[in-house]
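Engineer: Give me a 3D structure for the following:
(one chain, ligands or ions: 1)
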Amino acid sequence: MTSPPLTQRPAWNALTAHGRAMKACHLRELFGEDPTRGLRFHVEAEGLYFDYSKNLITDETLGLLAQLARESEVEQRRDAMFAGQHLNESENRAVLHVALRMPSYASLVVDGVDVVAEVHRVLERMATFSDQIRSGAWRGHTNRPIRNVVNIGIGGSDLGPVMAYEALRHYAQRDLTFRFVSNVDATDFVEAVRDLDAQETLFIISSKTFGTLETLTNAASARRWLIDQLGDEAAVAKHFVAVSTNAAKVAAFGIDVANMFEFWDWVGGRYSMESAIGLSTMIAIGPALFFEMLAGFYAMDEHFVRTPITENLPMLLGLLAVWNRNFLGFPTVGVMPYDQYLHRLPAYLQQLTMESNGKHVTLSGDRVNYETGPIYWGEPGTNGQHSFYQLIHQGTTVVPVDFIGFVNSLNPLGDHHDILMSNVFAQAQALAFGKTEEELRHEGADERALKHRVMEGNRPSNVILANELSPRLLGLLVALYEHSVFVQGVIWDVDSFDQWGVELGKQLAAGIIPELTATDPVELAHDSSTNALISYYRSLKQNGRNDDDH
Ligand code: F6P
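Structural biologist: Just a heads-up that it's a prediction; the model follows:
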């Protein structure tokens, strides 16, 4: 990066001063001053309607944020990503999830290889395999067709598949059952397979590295379960496939590499749902709809590359996140999809956003002197309204919210959908404008509760609307968030594509496992708290299961 450190960029300093001034404004005033605000601060592109007018911004804010993007060389970094440069500096890797959705006629040569051709070679294999499973042509060890698909993976090798399956369940082949096992807690696996017939069950072992302890432990249990049920080691060949970058480890596990669908180290785990990691998605919805999802991703990629900053959806979403985080000081973002099919989207976005931008050093390794990635969380509406929205409306922490909703329901039933969507509009309205003491008094509210009923408002939100939830729409939406994360990461000058912070815990657990499993006395050399916890665990475990516990 050639630009000065973030806090020395002119736009940063201007935004800092501007942020102080804007904190004194109220959305009520901003809307009062400009009756066209709700239309002016919106963008419509690729079938998405993005209303960002209920952010605490003015034209000046937008101008300064665009200036910050330019001073941070966001566009140059974006172009470098699309060209396959090694933006993941701490791992010296290209960052090329965008190549996963390029059309087959495109070409992108990176480190001497046309990666688009590679992508489509694997997509074709996935399509053939998916069709075989969907049609029943692929037979299990006892010649029965596959009816159950169990994806075993964790992090990006689970959250993308499970989110996409749930999101697109409406389009799924309904005589196939899909399960997703991620947690090393055996309960996850045991409950996932307890009603499945092994003769009709396919396991997809999804792991970029094929070295993740949770996934390998679950995969080993799946293998034992299958062999116990079918009584023959040879059954593995017809009931296990792998998705990985690591052919050697797949083979060492005992899966024929002919049954492996590959991807590449330039695909980050949390950016992989449209790679072979999406095999379960493709089996569920079929290759044609999977390709429609890829077209949605690609449409957003094109929009991101070709659109000026202030009309560019991912740029705006990312810049507004920076504004809320750094200049207004809001520490979290709530993502509230008003669509039951998107109920795993917040969990998916948590990994995407927080594993990407939860960083404390710049690309050159200096400690940052500003806040980076906010905490993302959420639940589908309207459920959240009857739980934590109280805090969002009247608590002391301001939580900017992204509302996501659709004009048409995939399950039109009576007036459910209008009721659902009226809540999107009403919640955004209530957050922004609140209710004053005067208004309450005017309505004849009981004086005793008056202060408790005041809603200060001035709480920002974005509303993202689309016609209906489709594979293409899902691709658009995920790519929108991916690129928004990218924009934020470039401004913060962090490596959005590594995740070193997850390593220490794994390393420490590896040292503790033998201490928990050993039957002989062990000498513990941790801190006094960890020693005491492990001793307590060991002593209770040695005493066996306590009948009082259940
Ligand atoms: O531990 C974090 C992580 O590396 C994620 O980044 C990744 O998505 C997940 O683990 C699973 O990794 P793998 O696909 O290699 O099993």
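
Engineer: Which helix or which strand is home to residue 132?
Structural biologist: Take DSSP states H and E as the rule and residue 132 turns out to sit in helix 115-135.

Engineer: partner strands of whatever helix or strand comes next after that helix, parallel or antiparallel?
Structural biologist: The element immediately downstream of helix 115-135 (helix or strand, assigned by DSSP H and E) is strand 148-152. Strand 148-152 has the following sheet partners, assigned by DSSP bridges: strand 177-181 (parallel), strand 201-206 (parallel).

Engineer: In the stretch 101-250 of the chain, what residue lies closest to the ligand?
Structural biologist: Relative to the ligand, the nearest point of the stretch 101-250 of the chain is residue 155 (2.7 Å; CB to the nearest ligand atom). All C-beta atoms are positioned from the backbone trio N, CA, C, and that covers glycine.

Engineer: Surely that residue touches residue 351?
Structural biologist: Yes. Contact status for residue 155 versus residue 351: in contact at 6.2 Å, counting by CB atoms under 8 Å.

Engineer: what sits in contact with each of these two?
Structural biologist: With contacts defined as CB atoms under 8 Å, 6 or more residues apart in numbering, the residues shared by residue 155 and residue 351 are residue 270.

Engineer: Give me the nearest residue to the residue in the stretch 301-450 of the chain that the ligand sits nearest to, chain neighbours excluded.
Structural biologist: Closest to the ligand within the stretch 301-450 of the chain is residue 355: 5.7 Å, counting by CB to the nearest ligand atom. Taking CB to CB, 6 or more residues apart in numbering, and ignoring the residues beside it in sequence, residue 355 has residue 499 as its nearest neighbour in space, at 5.0 Å.

Engineer: re earlier: report the contact partners of the residue of the stretch 101-250 of the chain closest to the ligand.
Structural biologist: Under the criterion of CB under 8 Å, 6+ apart, the neighbours of residue 155 are 182, 212, 269-270, 351, 355.

Engineer: Output the lowest mean pLDDT helix or strand found in the chain.
Structural biologist: Across the helices and strands of the chain, mean confidence by mean pLDDT, DSSP states H and E is lowest for strand 109-110: a mean of 92.

Engineer: picking that back up, pLDDT at the residue nearest to residue 355, what is it?
Structural biologist: We have a pLDDT of 97 for residue 499.

Engineer: Kindly report the same for residue 542.
Structural biologist: Residue 542 carries a pLDDT value of 87.

Engineer: quick thing: my sequence starts at 20, can you match it?
Structural biologist: Sure thing, new numbering starts at 20, so read that last one as residue 561.

Engineer: gap between it and residue 534?
Structural biologist: Residue 561 sits at a distance of 13 Å from residue 534 (criterion: CB to CB, to the nearest Å).

Engineer: doesn't residue 423 fall inside a strand?
Structural biologist: Yes. Residue state for residue 423 (DSSP: H, G, I helix; E, B strand; the rest coil) corresponds to a strand.

Engineer: Would you check that it makes contact with residue 362?
Structural biologist: No. Between residue 423 and residue 362 no contact is recorded; they are 11.6 Å apart, counting by CB under 8 Å.

Engineer: Just list the residues touching the residue in the stretch 270-419 of the chain that the ligand sits nearest to, thanks.
Structural biologist: Nearest to the ligand, among the residues of the stretch 270-419 of the chain, is residue 288, at 2.5 Å (CB to the nearest ligand atom). Listed by CB under 8 Å, 6+ apart, the contact partners of residue 288 are 174-176, 227, 518.

Engineer: Who wins on neighbours among those residues?
Structural biologist: Most neighbours among the contacts of residue 288, by other CB atoms under 10 Å: residue 176, with 28 neighbours.

Engineer: what sits opposite the spatially closest residue to that one that is not a sequence neighbour in the beta ladder?
Structural biologist: Sequence neighbours aside, residue 225 is the residue nearest to residue 176 in space, at 4.0 Å (criterion: CB to CB, 6+ apart). Assessed by DSSP bridges, residue 225 has beta-bridge partners residue 262.

Engineer: Tally up the residues packed near residue 225, please.
Structural biologist: 35.

Engineer: got any ranges where this structure has weak pLDDT?
Structural biologist: Filtered on pLDDT under 70, the chain yields the residue ranges 20, 564-569.

Engineer: So which residues on it come close to the ligand?
Structural biologist: By CB under 6 Å from any ligand atom, the residues of the chain that approach the ligand are 172-176, 226-228, 231, 234, 288-289, 374, 518, 521.

Engineer: Of those residues, which belong to strands?
Structural biologist: Assigned to strands by DSSP state E, none of the residues of the chain next to the ligand qualify.

Engineer: Residue 276 and residue 269 touch, don't they?
Structural biologist: Yes. Using CB under 8 Å, residue 276 and residue 269 qualify as a contacting pair, with a distance of 5.9 Å.

Engineer: Please identify which of the two sits among more neighbours.
Structural biologist: Each of residue 276 and residue 269 had its neighbours counted (other CB under 10 Å), and the higher figure belongs to residue 269 (23 against 12).

Engineer: The more buried one contacts residue 261, doesn't it?
Structural biologist: Yes. With contact defined as CB under 8 Å, residue 269 reaches residue 261; the gap is 4.4 Å.

Engineer: what are the ranges of the helices in the stretch 270-419 of the chain?
Structural biologist: For the stretch 270-419 of the chain, the helices defined by DSSP state H, counting those that start in this stretch occupy 298-304, 306-325, 332-341, 364-369, 375-376, 408-413.

Engineer: With residue 551 as the reference, name the closest of the ones you listed.
Structural biologist: Evaluated over these, closeness to residue 551 peaks at helix 364-369, with 31.7 Å, by CB to CB.

Engineer: Can you give the contact residues for the closest one?
Structural biologist: The set of residues that contact helix 364-369 without belonging to it, under CB under 8 Å, 6+ apart, is 178-179, 182, 186, 292, 354-356, 395-399, 423, 496-497, 500.

Engineer: Where do the strands of the stretch 320-469 of the chain begin and end?
Structural biologist: Listed in chain order, the strands found in the stretch 320-469 of the chain under DSSP state E, counting those that start in this stretch are 351-356, 394-396, 420-425.

Engineer: now these as CSV including mean neighbour count?
Structural biologist: Written out in CSV, the entries for the strands of the stretch 320-469 of the chain read as follows (neighbours: other CB atoms under 10 Å):
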stretch, mean neighbour count
strand 351-356, 23
strand 394-396, 19
strand 420-425, 24
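
Engineer: ok so, going back, farthest-separated two in the contacts of residue 288?
Structural biologist: Set against one another by CB to CB, the contacts of residue 288 have their most distant pair in 176 and 518, with a gap of 13.2 Å.
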